[in-house]
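> Task: produce atomic coordinates for the following.
(one chain, ligands or ions: 1)
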Amino acid sequence: KPPGLPPGKWGLPLVGYIPWTSKSFEEQVMDLHEHYGDIFLWRMGTQLMIFIRHYKLMKEAFSRSEFTHRPNWEVLKFIEEVPHGIVSSSGIIWHNNRRFTLRQLRDLGMGKSSLVGAVQDQGLKLRETLAERAGTPGMIPHQLHLSLINVIWHMVASRQFDAEDERLHEFVKLLSEFVLLSNRLAIKDFMPWMQNVMPDFLFKRLIKYHELIDLKEKFMRYFKDETEKHKATLDPDNPRDLIDNYLLEMEAKKDDPETTCSEEDLLFIMFELFSAGSETSAYTFMWLCCYLAAHPEVQHKLHAEVDEVLPNGALPTLAEKPRMPYTEAVINEAMRACALVNFGVQHMAASDTQLGGYTIPKGAVVSSTVTSMHYDSLYWDRPKEFRPERWLDENGKFFMAKEGFLPFGVGKRVCVGESLARMELFIFTTMVFQSFSIAPAPGKSVNLTPDLRGFFFRKPVPNEFVFTVRKQ
Ligand code: HEM
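Okay, the predicted model is just below:
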């Protein structure tokens, strides 16, 4: 191992360090933090990974321009030569796409009252579905995903699908298949040499190449169809949504040799808004339901606040937020406790650099260990307890900023959809718990152990709940 690097597991050439254990990847990373401290390295295959659990170090790293790059991983760029869009791209393509998308999401109402109606509509659909099966044990209904996806369709393409529409169901299925299947691409990212030692057809079978290409084509078809429809009906004086605005920007910059606007980028921006922006909010809301069902006393306080601020079934808007500190505290506490994106999204060092007194070589991939941070007693008093009160000051006011809290990442690549996610979570939580109480199915308790099979998310395991209609 070259000198100056953080401590950790170097392992063997080509394969790196392979642990012989039945522990989950997350548990192993936590163990290694216990052993090596706040920063350590783990060579996985040919990829040098650096894990950080210290908040200030993480903030410092991700605020520096050397760390704004993404690794050139297939699992992120989804079998494209050049990474497009925002999540997987780097450099000028990332910069321009991120700036455009952030401006668009804000102009289209992210975190503002102009979008509230569309989110409420989807909240109402979720409530209708819950009302139909009230009193009967079951999982959180699929309508949650459909509702969140429809909010994004509304902003991207001014359209919403009916819950019965087959195309919407196919779209949601493709999205979850994508999350599962794309993990296979990691083989290529971590052990690229396997491609040279295996027959091509076997390697492709191993990474499920053909299934992925098929999935990608089906997915992109949605975005291509929508883009064609927009081109045919575009009124330059009245842009309707993100697609219209991108097409106009492309046209305005068509003679600019520096432009990075392209139709591929538009398609990828759409694809990434759905892949980064729907399952994340859906799983967070599902976790919130799990915690409320497991903690009736917390649910009781939430109900009391919702009833007081939104009497007689009044629909929530963003104006009520400052008067609902407990609701906001429950949402933040759910995000802390679930630590959904357990390793964030990875960044790559674009040049040799120094961090925390160690050398970080060019190409090393840096990951935050969000779970460690969210459960570190350095930042949290009794971290294992679900306690929304930790987000309230002595006057009962909600305060957001806290060291050691990183659900949306930090620095130059912090999540572009944070305000949208917070808005969805606030409106869905108030609307659902205004009308219902939640409890585990009779004879069962809530299983709060996360499903750690995927790399990116700590998903809640399937739990059966009973939603009961409340009388306000
Ligand atoms: C509770 C819900 C959400 C969580 C927990 C979440 C979390 C994250 C995290 C951890 C990152 C990585 C930051 C980094 O690279 O350091 C990220 C990036 C991103 N998120 Fe979110 N997110 C959520 C909702 C959304 C929504 C609703 C959208 C948009 C509709 C969105 C769009 C994005 C995009 C485009 C990026 C890439 C930013 C970049 O690479 O510059 N996210 N998110």
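> Is residue 4 in a helix, a strand, or coil?
What DSSP: H, G, I helix; E, B strand; the rest coil gives for residue 4 is coil.
> what about the residue lying closest to it once chain neighbours are set aside, helix or strand, and which?
With C-beta to C-beta, 6 or more residues apart in numbering as the criterion, residue 4 has its nearest non-adjacent residue at 3.7 Å, and that residue is residue 359. For the C-beta atoms, the positions are set from N, CA and C on the backbone; glycine is no exception. Taking DSSP states H and E as the definition, residue 359 sits inside strand 358-360.
> Buried residues, the next helix or strand after that strand. List them.
Downstream of strand 358-360, the first helix or strand assigned by DSSP H and E is strand 365-368. Neighbour-count burial for strand 365-368 flags 365-368 (criterion: 16 or more other C-beta atoms under 10 Å).
> Likewise for stretch 9-23?
Counting neighbours by 16+ other C-beta under 10 Å, one finds that the buried residues in stretch 9-23 are 9, 11, 16-17.
> What are the contacting residues of it?
For stretch 9-23, the external contacting residues (C-beta atoms under 8 Å, 6 or more residues apart in numbering) are 1, 28, 31-32, 40-47, 190-191, 193.
> Repeat the analysis, applying 6 Å as the threshold.
1, 28, 42-45, 193 (C-beta atoms under 6 Å, 6 or more residues apart in numbering).
> circling back: now the two most distant members of the buried residues of stretch 9-23.
Largest separation among these by C-beta to C-beta: 9 and 16, giving 7.7 Å.
> Test my guess that residue 366 contacts residue 348.
No. Taking contacts as C-beta atoms under 6 Å, residue 366 lies outside contact range of residue 348: 7.2 Å.
> quick one: the strands in this protein?
Per DSSP state E, the chain carries strands over the ranges 8-9, 39-44, 47-52, 347-348, 353-355, 358-360, 365-368, 436-440, 450-451, 459-460, 465-469.
> so which of the ones you listed comes closest to residue 319?
Closest approach to residue 319 among these (C-beta to C-beta): strand 436-440, 23.3 Å.
> What is the closest one packed up against?
helix 279-294, strand 465-469 (3 or more C-beta pairs under 6 Å, 6 or more residues apart in numbering; DSSP states H and E).
> how far off strand 465-469 does it point, in degrees?
Inter-element angle recorded for strand 436-440 and strand 465-469: 150 degrees (by axes from the mean of the first three to the mean of the last three C-alpha atoms, to 10 degrees).
> Any chance you could list what contacts strand 436-440?
By C-beta under 6 Å, 6+ apart, strand 436-440 touches 130, 289, 292-293, 446, 465-468, 470.
> Show me which residues of the stretch 101-250 of the chain are close to the ligand?
The stretch 101-250 of the chain comes close to the ligand at residues residue 152, as judged by C-beta under 6 Å from any ligand atom.
> Which of the strands of the chain sits closest to residue 67?
The closest of the strands of the chain to residue 67 is strand 347-348. By C-beta to C-beta, the value is 4.8 Å.
> taking the mean pLDDT, what do you get for the closest one?
Averaging pLDDT along strand 347-348 gives 97.
> what does stretch 380-400 give?
94.
> Tell me which residue in the stretch 101-250 of the chain sits closest to the ligand.
Nearest to the ligand in the stretch 101-250 of the chain, going by C-beta to the nearest ligand atom, is residue 152, at a distance of 5.5 Å.
> elements contacting the biggest helix by length in the chain?
If you go by DSSP state H, the chain has its longest helix at helix 209-233. Of the remaining helices and strands, those touching helix 209-233 by 3+ C-beta pairs under 6 Å, 6+ apart are helix 166-181, helix 242-252, helix 263-277.
> Give me the residues contacting that helix.
157, 174, 177-178, 181, 243-244, 267, 270.
> Can you tell me which of these are buried?
Here, 16+ other C-beta under 10 Å leaves 157, 174, 178, 181, 243-244, 267, 270 buried among the contacts of helix 209-233.
> Now the two most distant members of these.
Applying C-beta to C-beta across the buried ones among the contacts of helix 209-233, the maximum distance is between 181 and 244, 31.7 Å.
> Who are the contact partners of whichever residue of the stretch 201-350 of the chain sits closest to the ligand?
Residue nearest to the ligand within the stretch 201-350 of the chain (C-beta to the nearest ligand atom): residue 277, separated by 2.6 Å. Residue 277 is in contact with 152, 417, counting by C-beta under 6 Å, 6+ apart.
> Now with 8 Å, please.
Applying C-beta under 8 Å, 6+ apart, the residues contacting residue 277 are 148, 152, 417, 420-421.
> Show the pLDDT at it.
The model reports residue 277 with a pLDDT of 93.
> OK, now which residue of this structure is nearest to the ligand?
residue 417 (2.0 Å).
> Just give the number of residues close to that residue.
22 (other C-beta atoms under 10 Å).
> do the same with residue 55
Using other C-beta under 10 Å, residue 55 has 20 other residues around it.
> for this protein, which spans come out with low pLDDT?
Applying pLDDT under 70 to the chain picks out residues 472.
> residue contacts, the residue most central in space within it?
With distances taken as C-alpha atoms, centre = their mean, the residue of the chain nearest its centroid is residue 280 (3.8 Å). Residues in contact with residue 280, defined by C-beta under 8 Å, 6+ apart, are 340-341, 417, 421, 457.
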